[in-house]
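Q: got a sequence here, can you model it:
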Amino acid sequence: MNSQWHPESDVPGQPRRLPHHAVMLAVDIKDFSGRPGADHQRLTMAIPDILDGALRRCGLGHLVGAHRFDQSSGDGWLRGYDPTVTTFLINPFLAALQAELSDCNHRGAHGIRATHPLRMRVSIHLGPVDDSGHNLAGDGSGDARVATRRLLDAESVRDLLERSDPSATYVAAILSARVYEDAILTNYAAMPAALFHQVPVQVKTYRDFGYLYVPQVSGRLLTEGLGGTQPGGPADPPASPAPDRGDGGPNSPARPGARKDEQKKGKTRSAVPRSVRSGGVDGTISASTVIAGHNHGSITSGSHFAGPVGAQVSGGEVRDITIGDVAANRFHDSRDERDARDSAAIRDTDGMGRSHRAGQAGEETGR
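A: This is a model prediction of the structure:
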């Protein structure tokens, strides 16, 4: 499987070498430079042992030593394999690497301290590279190796380890778009696409999409997801128009002139939507319908919400809409207006009572 030589060449007197395709696995130790310099060599040499241990752990022991090239980057490692093993480097290898690092961290293997666990970023890419078949220093050279390193350095995959619990999540991976299409979308890796999160990758001059994956989700990843919620953070490109949340935004079907009409009437309450929807990936299911005065509509909850939907209705307004234990939104009058409205209602009630009593008194006098 050595690189092939073509008789034609761009350089006179030298043959043209045709590249060999390889799937590349790159790993990098988090906070390597933050560890004592005396530990660097030991940790660098431990990386291939950890990778081989993960291969054996998941039944891929036959791949130990079967790499095309095997190179250290100091704080990380790069390996090239035949493309036929691409799917296995995703599943079951990534989960096995998480388990291997967990064991190493808890056993104190390779001198690792439990207070400073070893954690890794991983990138997987497929493409043409130079390959002599003899694991030479130049093997793996080419645009594909550059792309593999750029994916590994993406801020989005670094962020996964920052937002996860260091005592639980030891692996954060990113696949190239090509690997994702060849292995995940085809289902050859036997993993649902829903486990991956698409992010744009922009590192130096490299521009492409990557797909994030974490074998063991923990920490803020549990509530924020792989894409995060911070402003400007990575997010899935919209696959469909944004859901109508009835907030008066560009997708809201609020009736024309409604806001102006309310302003003319001197009302200061926050906008109450006709409908509030939170859709799920598997479609939405109707939870309840609330009709409150002139503000009415449906409340629907996506299938990914486990809790019940409840609404508190006061007067003619929906005060609070909750989905499970998470408030979807809060709609209410200002405190001053509520007090004024309640006082007016009391006055009206008292007035009606006085009128009624006066009428009764008049009837008694007439008799």
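Q: which stretches in the stretch 151-300 of the chain count as helices?
A: 155-162, 177-179, 221-224, 258-264 (DSSP state H, counting those that start in this stretch).
Q: what's the answer for the stretch 1-150 of the chain, then?
A: 37-57, 86-90, 93-107, 143-152.
Q: can I get those helices in CSV with mean neighbour count and distance to residue 135?
A: (Glycine included, C-beta is placed from N, CA and C.) Conversion of the helices of the stretch 1-150 of the chain to CSV gives the following (neighbours: other CB atoms under 10 Å; distance: least, CB to CB, whole Å):
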stretch, mean neighbour count, distance to residue 135
helix 37-57, 16, 12
helix 86-90, 23, 18
helix 93-107, 20, 20
helix 143-152, 22, 14
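Q: so which of those helices is nearest residue 68?
A: Closest to residue 68 of these is helix 143-152 (CB to CB; 11.8 Å).
Q: report all helices and strands that the closest one contacts.
A: strand 20-29, strand 76-81, strand 120-129, strand 171-176, strand 197-203, strand 206-213 (3 or more CB pairs under 8 Å, 6 or more residues apart in numbering; DSSP states H and E).
Q: okay, those in TSV with mean pLDDT and mean neighbour count next?
A: TSV is the format used below for these (pLDDT from 0 to 100; neighbours: other CB atoms under 10 Å):
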stretch	mean pLDDT	mean neighbour count
strand 20-29	95	24
strand 76-81	96	21
strand 120-129	97	23
strand 171-176	98	28
strand 197-203	97	18
strand 206-213	97	19
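Q: residue 169 against residue 120, yeah?
A: No - using CB atoms under 8 Å as the test, residue 169 is too far from residue 120 to be in contact (10.4 Å).
Q: show me the contacts for residue 127.
A: 21-22, 24, 142-144, 147, 178 (CB atoms under 8 Å, 6 or more residues apart in numbering).
Q: how near is the residue nearest to residue 88 when sequence neighbours are not counted to residue 90?
A: Residue nearest to residue 88 in three dimensions, not counting chain neighbours: residue 60, with 5.8 Å by CB to CB, 6 or more residues apart in numbering. Separation of residue 60 from residue 90 (CB to CB, to the nearest Å): 12 Å.
Q: verify the contact between residue 67 and residue 77 for me.
A: No - taking contacts as CB under 8 Å, residue 67 lies outside contact range of residue 77: 10.3 Å.
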